[in-house]
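**Q** with the sequence up front, the predicted model follows.
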Amino acid sequence: MKKLSLIVFGGLLAIGTLSCDKAENKGTAATSSTTTKSDAEKKTVYVNTDSLLANYQFYKDAQKEFENKGYRLQVDLGQRERGLQGELQAIQQRAQTMTQAELQGADIMLKKKGAELQQYSQQRQQALANEQAKKMQELYANIREYIKKHNAENNFEFVLGYTTAGGGILYADESADRTKEIVDGLNKEYAETKKSAPAKK
């Protein structure tokens, strides 16, 4: 089973457009060229999404979780496939002593079991993909909610997602990088959540 792909987090390239409330300034913007102190303090910062995912414990735990689930699924499917292959070989060994009707019945049975295995495989893989997608939605929500709370203290107008692999941001000044403080805050919240969560049986 493939690792959780960074492509799943393509949406993080626009991690947040956290606009501050401008309602008070709209009425005076057209008539005054003076910039208020609060406007002057607003600025755009960014989070390096590659670094965020590499260091966010929630993501690393999720990646490990789905690697394990994917591995267990592959083992399960492999065992079922080998079982079916064993039945085929057993029938082939007895083929010369079987009647035509028995051979036809065995063929129908094997095809039915093959179709059932294929359906089972598709259902299990789809269920795992759905679970993974739900986990990614949770991760994305965690990041957005934390940035929203974090921004209440910082008054950033935009918090952008930057990745070295490409995307809409071609250059980002390191002085605007808030990745470490965002990751540290996320990890602190996640650690507290894990402590308070009931132990899995």
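**A** Structure received.
**Q** mind checking the pLDDT average for stretch 187-197?
**A** Mean pLDDT, computed over stretch 187-197, is 89.
**Q** what about it, distance to the chain center?
**A** Distance of stretch 187-197 from its chain centroid, counting by C-alpha atoms, centre = their mean, to the nearest Å, is 19 Å.
**Q** buried stuff in it?
**A** Y190 (16 or more other C-beta atoms under 10 Å). Every residue, glycine included, has its C-beta placed from N, CA and C.
**Q** could you point out the longest helix in the chain?
**A** Counting residues, the longest helix in the chain under DSSP state H turns out to be helix 100-154.
**Q** tell me what that helix is packed against?
**A** helix 57-94, helix 179-196 (3 or more C-beta pairs under 8 Å, 6 or more residues apart in numbering; DSSP states H and E).
**Q** same thing but at 10 Å, please
**A** Under the contact criterion of 3 or more C-beta pairs under 10 Å, 6 or more residues apart in numbering; DSSP states H and E, helix 100-154 touches strand 44-48, helix 49-55, helix 57-94, strand 158-162, helix 179-196.
**Q** hang on, E131 packs against L73?
**A** No. Contact criterion C-beta atoms under 10 Å: E131 and L73 do not qualify, at 11.1 Å.
**Q** hey, what's in contact with both of these two?
**A** By C-beta atoms under 10 Å, 6 or more residues apart in numbering, E131 and L73 have these common neighbours: F66.
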